[in-house]
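> pasting the structure only:
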């Protein structure tokens, strides 16, 4: 069974750092690109960043470019999203996402999400 489990969210003070983790299981993690997507209350899903299976290539939404860093550790089956110097911001739920092929069926898988609130 494919599982994506996010962690690392919570209440963060402005100026603080954020490091989200997504632990993957149930598939060969090193063969798949991984993404982070976020959703603010009352708004739609916003793609944030993606990283290739090898970790060599990364991509970011224009709205976050230069502020977030995506990385992965294929030995730990985990993908990360980091940001330093967080500004005050509305809360958002961050989701880990991947399109995985199991038994020749390709499907989009999502984690349960981890909420991030930046507030003093």
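Alright, I've got the coordinates. Quick caveat, the model's predicted, so the values are computed rather than measured.

> Okay, and the beta partners of the spatially most central residue of the chain?
Central residue of the chain (C-alpha atoms, centre = their mean): residue 36, 3.1 Å from the mean position. Note on residue 36: beta-bridge partners residue 49, residue 96, judged by DSSP bridges.

> same question, residue 22
Here residue 22 shows beta-bridge partners residue 6, residue 79, assigned using DSSP bridges.

> so what pLDDT did it get?
For residue 22, the pLDDT comes out at 98.

> try the one 5 residues further on
Note for residue 27: predicted pLDDT of 96.

> SS state for it?
The local conformation at residue 27, judged by DSSP: H, G, I helix; E, B strand; the rest coil, is coil.

> Now for it: which residues touch it?
Shown in contact with residue 27 (C-beta atoms under 8 Å, 6 or more residues apart in numbering): 2, 100, 102. C-betas here are computed from N, CA, C, even on glycine.

> Tell me how many other residues crowd the second one.
Each residue near residue 100 was counted by other C-beta atoms under 10 Å, and the total is 18.

> about what we covered before: go through the contacts of residue 27 and flag which are in strands.
Counted as lying in strands by DSSP state E, out of the contacts of residue 27, are 100, 102.
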